[in-house]
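> Below are the sequence and a predicted model; questions follow.
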Amino acid sequence: MADDTPEVPETLPETKTVTVESADAPASTPEPAASEAPQLPPKERRAARRAATAAAPSGPKTIEEREALRLERRRRNAVQRRAYRARAKTKRDERRAATPPAEPTPVHEHGPGRPKVRQGVVVSDKADKTIVVRIDIARRHRRYGKIMRTSTKLHAHDATNDAGAGDTVRLIESRPLSATKRWRLVEVVERAR
């Protein structure tokens, strides 16, 4: 039986294609066809990648090899560090040479301050030349506005033993006179009844 189909050549005639490369576009590299490599599921691809990296040698195994690598790395770092510090030093020296030395500013001498003054009620006058004074403070709370009442006790020096318990006195801040005394009696404002 005779075949009626015309004969088709096995290969197609070759046609030349000319590609024009511009200066902007990089030369295109032929990409591998996707059909050449079998498509694996993602899990198997990851497993293959892990196996490939695990099989690769992970560096020196002996202590001597590791020590040699460590020393080499330290030597490289030291060279870089020296160069960096030398550059920084030259920059610093250039800046210092460019600016003239500044004149020292005169020291601001502290003038005579004003000592603190407090008024309170004598709680105790038992110790010789010493009184304990309670200072009552009433302040408004910052957030809530409530009047907060607090008190502190100060030990004060009473040179003449003038004040008695219950007296209202005025104190002035002074140099430390003992371990606890930092205040001095100025006057007795009101005597106790």
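Here it is on my side, so go on. Residues are numbered from 1 along each chain as shown.
> Does residue 163 touch residue 124 like I think?
No - here residue 163 lies out of contact with residue 124, judged by CB atoms under 8 Å, at a distance of 10.3 Å. (Each C-beta comes from the backbone N, C-alpha and C, glycine too.)
> quick one: common contacting residues for those two?
Taking CB atoms under 8 Å, 6 or more residues apart in numbering as the contact rule, residue 163 and residue 124 both touch residue 131.
> which residues touch residue 149?
136, 137, 138.
> The first one reaches residue 120, doesn't it?
Pointing back at residue 136 there. Yes - counting by CB under 8 Å, residue 120 is a contact partner of residue 136 at 6.7 Å.
> Which one of these two is surrounded by more residues?
Per other CB atoms under 10 Å, whichever of residue 136 and residue 120 has more neighbours is residue 120, with 24 against 11.
> Report the buried residues of the helix or strand hosting that one.
According to DSSP states H and E, residue 120 maps onto strand 117-124. Of the residues in strand 117-124, 118, 120, 121, 122 count as buried by neighbour count, 16 or more other CB atoms under 10 Å.
> what does stretch 185-193 give?
Neighbour-count burial for stretch 185-193, counted by 16+ other CB under 10 Å, picks out 185, 188.
> How far off centre is the helix or strand where residue 74 lies?
For residue 74, the host element (DSSP H and E) is helix 63-98. On the basis of CA atoms, centre = their mean, to the nearest Å, helix 63-98 sits 26 Å off its chain's mean C-alpha point.
> Walk me through the domains of this structure.
Under the assignment automatic domain parsing, the domains of the chain span 63-98, 117-190.
> Highest mean neighbour count out of those domains?
domain 117-190 (a mean of 14; mean count of other CB atoms under 10 Å).
> pLDDT of that one, averaged?
On average, the pLDDT along domain 117-190 is 97.
> Which stretches in the chain count as strands?
117-124, 130-140, 147-157, 168-173, 183-190 (DSSP state E).
> List of residues touching the fourth one?
I take that to be strand 168-173. Taking CB under 8 Å, 6+ apart as the rule, strand 168-173 contacts 115-122, 131, 133, 154, 156, 163, 182-190.
> ok, now the first one?
Contacts made with strand 117-124 from outside it, assessed by CB under 8 Å, 6+ apart, are listed as 131-136, 153-154, 163-173, 183, 186, 189, 192.
> That one pairs with which strands?
Using DSSP bridges, the strands paired with strand 117-124 are strand 130-140 (antiparallel), strand 168-173 (antiparallel).
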